[in-house]
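> when you get a sec, could you give me coordinates for this:
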Amino acid sequence: MVRYMAAKECDVVGCTAESFQTVPADLASKLFQFKEKKSKVHLCRAHYKEYKKGTKKERELKRMDWV
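Numbering: from 1, shown residues only. Okay, the predicted model is just below:
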């Protein structure tokens, strides 16, 4: 028996597109409003592209802390 996971929707308010990527909610909440409060949120392809552009500096600074 094969089970498939249900397709998830983008968590941004007003968006019903299929989820493309899961990202940390603390960074994404600076750009978007979400349906629920979570630690990780699902974003569609279009919102993920906006997320990457809008949080580029913050993500670079987080990566520098790893070293």
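> from now on I want contacts and neighbour counts done on CA atoms only, so please keep to that.
Fine.
> quick one: the helices in this structure, in order.
25-28, 45-54, 56-66 (DSSP state H).
> and the shortest one, C-alpha only, in PDB?
Put plainly, it is helix 25-28. C-alpha atoms of helix 25-28 as PDB (Å, rounded to 0.1, in the frame of the first residue of the first chain):
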ATOM      1  CA  ALA A  25       9.100  31.700  10.700                       C
ATOM      2  CA  ASP A  26      11.100  34.300  12.600                       C
ATOM      3  CA  LEU A  27      12.800  35.600   9.400                       C
ATOM      4  CA  ALA A  28       9.800  35.200   7.100                       C
END
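> how far does that helix sit from its chain's centre?
Using CA atoms, centre = their mean, to the nearest Å, the mean C-alpha position of helix 25-28 is found 7 Å from that of the whole chain.
> now swap in stretch 9-22 and tell me
With CA atoms, centre = their mean, you get 8 Å for stretch 9-22.
> pLDDT of it, averaged?
Model confidence over stretch 9-22, given as mean pLDDT, is 94.
> of the helices of the chain, which is nearest residue 38?
helix 25-28 (6.5 Å; CA to CA).
> in this protein, where is pLDDT below threshold?
For the chain, applying pLDDT under 70 flags the ranges 1-6, 66-67.
> rerun that using 90 as the cut-off
Regions of the chain meeting the criterion pLDDT under 90 cover residues 1-8, 35-36, 58-67.
> got a list of what the closest residue in space to residue 39 that isn't next to it in sequence touches?
Counting by CA to CA, 6 or more residues apart in numbering, residue 25 is the residue found nearest to residue 39 once chain neighbours are left out, at 5.2 Å. By CA atoms under 8 Å, 6 or more residues apart in numbering, residue 25 lies in contact with 38-41.
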